[in-house]
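1. No sequence on hand, only this structure:
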C-alpha cells in the first residue's frame, strides 16, 4: 500500500477572514529557516518510513507558492533523497492566483510539480470581497491561462460557495465560467463558519449572517447538475474530476492509506496511530530536527471502524453493507440518502449533501 506525503507551508500574503488553517501573513522572515526545518524533519523521519513507497506529494497551506520555485524544487529533491518516492508520483502544489505567473509556473513544472490546485474560490468580484480574497476574477483567469501555457495538464480549481451576498444564480455563473475554462478537476466546498476566525466573530456579533443551509443545498445541487452534465465524475462529496483525473493524494486519506505530514501543524497517520506537529511555525523550526510532535492518539478497533465508515462513505463506492446495522442501512435507503450496490452501501448525491448526518444515523 502506497503512502502520501503532505508538506505544510504556512505562509500567506494575507489571512482570509474565514480561514482557520495554520496559515500566517507577515512571517516571510521565517521562510529560509522553515524550508531548512522541513529538510531536517524529512531526514529525521525517513528511517521510520524505510520500505514504504510514496505515490503522492501534496504541498498545501497556507500558500506554498509564496516560496520561490527554486525553494520548492530544492525541497522536492530533498524529499526524493529521503523517501522512496515513485517515479510517476502525483506531485500537487496549491497556489493563489496572485502568487504565480507563466514564468514561475514553468519553473514549478521543471521542479517536478505535476498537478496545480488554484485557489480561485469564486469568479464573482463581490463574493471574493465577502471572502476577503486579495485576488480579482481576472487574476484567476490569467493564472489558469498561464498554467496551461506553462504545460500543466492537470489543474484543479478550488471553489467556495455560500458567502454572504452570493445567490444561487451568481454561483451558477461561477460554475459555468469554471466549466468554460475546462479544468481537469473541481473542488467545491460549502463555506463554514469557524469559531476564532474574524468571520466567525462577525457572524457571532450579528454583523454578518451565517450561511443559509437551504441556499447552500441549492448550490450543491447546482454543482452536481452542471458538473455532472459536463462529464465530471462526482468522486467525493466536494470533488469532481474528469475520468482518471481524481486527486490520488486525497483519495489516500479517504481510503485510509498511511500518510506522513511534514511542517508546522501537519498530521500523520499509520497503523492506527495519528500524530501531529506543533502549530507555531517558529516553534516548529526549533524542534524539527529533534521532535516537533505536538500530540498523538491511538485508534482502537471501534475508532478505526468509525473512521473508515466516515471516510469511505464519502466515496461513490461506499462501504461494505456488513459495516452497518441492516435496519440503519434500510432507513437511509428509504429516505433516498443511500443505495445498495454490489454489496456496498453508497450515498446518493442527496445523501452526499447530508453525509455527516447520515454517518451519525448509521452508527447511532
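-> The structure has been received and is ready for your questions. Predicted, not measured: the structure shown is a model, and the values here were computed from it.

2. in this structure, which helix has the most residues?
-> Once the chain is assigned using DSSP state H, the helix that runs over the most residues is helix 213-229.

3. who's in contact with that one?
-> When contacts are defined by Cβ atoms under 8 Å, 6 or more residues apart in numbering, helix 213-229 is touched by residues 161-162, 166-168, 171-172, 175-176, 179, 186, 188, 190-191, 234, 240, 349, 352-353. (Each C-beta comes from the backbone N, C-alpha and C, glycine too.)

4. Tell me which of those fall in strands.
-> Assigned to strands by DSSP state E, the following of these qualify: 161, 186, 188, 190, 234, 240.

5. would TSV of those residues with pLDDT and neighbour count be doable?
-> Shown next, in TSV, are the ones in strands among the contacts of helix 213-229 (pLDDT from 0 to 100; neighbours: other Cβ atoms under 10 Å):
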residue	pLDDT	neighbour count
161	97	25
186	98	26
188	98	23
190	96	18
234	96	17
240	98	24
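
6. Going by distance to residue 287, which of those wins?
-> residue 190 (35.5 Å; Cβ to Cβ).

7. List the buried residues of stretch 255-266.
-> 257, 258, 259, 260, 261, 262, 263, 264, 265, 266 (16 or more other Cβ atoms under 10 Å).

8. repeat for stretch 103-117
-> 104-109, 111-117.

9. can you put these in CSV and add pLDDT, secondary structure and distance to residue 145?
-> Supplementary listing: the buried residues of stretch 103-117 in CSV, determined by pLDDT from 0 to 100; DSSP: H, G, I helix; E, B strand; the rest coil; distance: Cβ to Cβ, whole Å:
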residue, pLDDT, secondary structure, distance to residue 145
104, 98, helix, 14
105, 98, helix, 10
106, 98, helix, 13
107, 98, helix, 17
108, 98, helix, 15
109, 98, helix, 15
111, 97, helix, 20
112, 98, coil, 22
113, 98, coil, 17
114, 98, coil, 19
115, 98, strand, 17
116, 98, strand, 12
117, 98, strand, 16
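
10. Let's have these in a markdown table, adding distance to residue 213.
-> Listed next are the buried residues of stretch 103-117 as a markdown table, based on distance: Cβ to Cβ, whole Å:
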| residue | distance to residue 213 |
| --- | --- |
| 104 | 39 |
| 105 | 38 |
| 106 | 43 |
| 107 | 43 |
| 108 | 38 |
| 109 | 41 |
| 111 | 42 |
| 112 | 41 |
| 113 | 37 |
| 114 | 37 |
| 115 | 32 |
| 116 | 32 |
| 117 | 27 |
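
11. I figured residue 125 was touching residue 137, is that so?
-> Yes: at 5.8 Å, residue 125 counts as touching residue 137 under the criterion of Cβ atoms under 8 Å.

12. who's more crowded, the two?
-> residue 137 (18 against 12; other Cβ atoms under 10 Å).

13. Against residue 115, how distant is the residue lying closest to that one once chain neighbours are set aside?
-> Leaving aside its sequence neighbours, residue 137 sits nearest to residue 123 (Cβ to Cβ, 6 or more residues apart in numbering; 4.6 Å). Distance of residue 123 to residue 115, computed by Cβ to Cβ, to the nearest Å: 21 Å.

14. quick one, phi psi at residue 21?
-> Taking degrees, to the nearest 10, you get phi -70, psi 170 for the backbone angles of residue 21.

15. what helix or strand is residue 140 on?
-> Assessed by DSSP states H and E, residue 140 sits inside helix 137-149.

16. Isn't residue 287 up against residue 279?
-> No: using Cβ under 8 Å, residue 287 makes no contact with residue 279, being 11.6 Å away.

17. Between the buried residues of stretch 255-266, which sits nearest residue 210?
-> Nearest to residue 210 among those: residue 265, at 26.4 Å, using Cβ to Cβ.

18. ok now do the closest one, which residues does it touch?
-> By Cβ under 8 Å, 6+ apart, residue 265 lies in contact with 8, 10, 22, 276, 277, 278, 279, 284, 294.

19. So for those residues, which is the shakiest by pLDDT?
-> Ranked by pLDDT, the contacts of residue 265 bottom out at residue 22, which scores 89.
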